[in-house]
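Chemist: Just the structure for this:
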Amino acid sequence: MTWNIKKQDIPAISLGANLLSCGGGGDTTSVEALLMSILSEEDVIEVKTVADLSDEWVVSVGIMGSTVLFNEDIPSGDEGHQALLTYESVSNKKAGALISIEIGGVNALAPLVIANQTKLPVIDGDGMGRAFPELFMTSFHLAGISLSPVVLKTHDFNMVIDENDDVFKTTEKAKAFTKTNGGHSHTIGYGSTGKRMKTAMLPGTLNLALRLGKIIKRNTDVDEMLSHIRLAFENSIYGMPKVILRGVVSDVHRWFENEAIIGKLEVDGRSAFTNRRIEVEFKNEFISIKEDQYICTAPDLILLLNAQSLIPYSVVEVQAGLSVVVLAIPAPNALRTTDMLELVGPKTYQLSCPYQPFEGEG
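Modeler: Predicted coordinates:
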């Protein structure tokens, strides 16, 4: 059943998307501000659920590259629309709906900008269920939907990649173009019929982001908020969240390597968690929790939240002295399949452990 997004919902979606980003996905501030500036109080963005999809042509929308550079060099707001028009021209397909490539971070909001400009509906779902660093790390790819043709658009340049179906080569070409043309670009790709997208997408994630954001924005008692967050995940494709530790960040080591933010941090438990210490590793996103041994790894979701407000921290924001709640959430089953784990599991991040599904709160 379709539902609608209004201007008043944007801050909540932005906050919920940051929560689902696992510390990555990019700062949503600029796109949230753009949407708040272009949406009127009367504007409505139609959202289709998985049950509403039929034969319309669905394309995925994203912003790739450095969101730091994105926020320093704010786009005009029309780049995504221009990329869509180019995509329609080269593919000879007229878009009937838009879907986010990833629900974690800035890309949860990117389709909404184009939807407002074109009056196209957006789909309640995405291709990652969280944030991942590479274009090929999607359920779309796993389902056999081709990334290409894919259109990339910056302030001044655009690129169309349409010569092969090798998603890894296409990803590398897209990254090279983005790096040499300002460090960020709008992307349109992974096109398919709605019928095929039904079985490829991770459903319900946009609505979940909205609900999570509303819970945190109420700013009530932390334990009450955690209880409401558990209820939100109970009606989702994810497992049940579990608090791993409440404590203080005691040490952070962070560096850049191959254009990724890599490092680890330690959290010392407080109150009921006294005498416990965990290590959290990150590579653009939080990828593991270790306490003597690994207790949670990607693709399961790892969140570091402000202990007073539950507002999520990104990997670039975390610093020693912060009081945090460390939350882990079992990933959707689609991300736990053998084939998908080859793309998003511990081996992808060079973790020295096999994947063990995290069991959430019972």
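
Chemist: Could you list which residues are in contact with the closest residue to residue 120 other than its chain neighbours?
Modeler: Using CB to CB, 6 or more residues apart in numbering and skipping the chain neighbours, the partner closest in space to residue 120 is residue 98 (5.6 Å). In short, each C-beta sits where N, CA and C put it, glycine included. Residue 98 makes contact with 58, 59, 60, 61, 111, 114, 115, 120, 121, 122, 123 under the criterion CB atoms under 8 Å, 6 or more residues apart in numbering.

Chemist: Using a markdown table, lay out those together with secondary structure and pLDDT.
Modeler: Formatted as a markdown table, the contacts of residue 98 follow (DSSP: H, G, I helix; E, B strand; the rest coil; pLDDT from 0 to 100):
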| residue | secondary structure | pLDDT |
| --- | --- | --- |
| 58 | strand | 98 |
| 59 | strand | 98 |
| 60 | strand | 98 |
| 61 | strand | 97 |
| 111 | helix | 97 |
| 114 | helix | 96 |
| 115 | helix | 97 |
| 120 | coil | 98 |
| 121 | coil | 98 |
| 122 | strand | 98 |
| 123 | strand | 98 |
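
Chemist: returning to what we had before: please tell me how far the residue nearest to residue 120 sits from residue 169.
Modeler: Residue 98 sits 25 Å away from residue 169, going by CB to CB, to the nearest Å.

Chemist: Same check on residue 25?
Modeler: 24 Å.

Chemist: With residue 176 instead?
Modeler: Residue 176 is 11 Å from residue 169, by CB to CB.

Chemist: Also residue 30?
Modeler: 30 Å.

Chemist: Which one's more surrounded, these two?
Modeler: Between residue 30 and residue 169, residue 30 has the larger neighbour count (other CB atoms under 10 Å), namely 19 against 13.

Chemist: secondary structure class for the more buried one?
Modeler: helix (DSSP: H, G, I helix; E, B strand; the rest coil).

Chemist: Quick check: pLDDT value at it.
Modeler: Residue 30 carries a pLDDT value of 87.

Chemist: how close does it get to residue 216?
Modeler: Here the criterion is CB to CB. By it, residue 30 lies 20 Å from residue 216.

Chemist: Could you do residue 4 as well?
Modeler: Residue 4 is 22 Å from residue 216, by CB to CB.

Chemist: Would you mind telling me which of those two has the busier surroundings?
Modeler: Per other CB under 10 Å, whichever of residue 4 and residue 216 has more neighbours is residue 216, with 22 against 11.

Chemist: if I pick the more buried one, what's in contact with it?
Modeler: Counting by CB under 8 Å, 6+ apart, residue 216 touches 15, 16, 19, 225, 309, 310, 311.

Chemist: Next up, the contacts around the fifth one.
Modeler: By CB under 8 Å, 6+ apart, the residues touching residue 309 are 216, 219, 222.

Chemist: Tell me, what's the model's pLDDT at it?
Modeler: With respect to pLDDT, residue 309 has a value of 95.

Chemist: pretty sure it is in a helix, no?
Modeler: No. Read with three-state DSSP, residue 309 is coil and lies in no helix.

Chemist: and it, backbone torsions?
Modeler: phi -120, psi -20 (degrees, to the nearest 10).

Chemist: again, but for the third one
Modeler: Residue 19 has phi and psi values of phi -60, psi -40 when expressed as degrees, to the nearest 10.

Chemist: Hmm, residue 213 and it touching each other?
Modeler: Yes. With contact defined as CB atoms under 8 Å, residue 19 reaches residue 213; the gap is 7.4 Å.

Chemist: Which neighbouring elements make contact with whichever helix or strand residue 11 is part of?
Modeler: Using DSSP states H and E, residue 11 falls within helix 10-20. Using 3 or more CB pairs under 8 Å, 6 or more residues apart in numbering; DSSP states H and E, the elements in contact with helix 10-20 are helix 29-38, helix 205-217, strand 301-306.

Chemist: Same list (the ones you listed) but as TSV, adding distance to residue 180.
Modeler: What follows is the helices and strands packed on helix 10-20, written out as TSV (distance: least, CB to CB, whole Å):
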stretch	distance to residue 180
helix 29-38	22
helix 205-217	32
strand 301-306	33
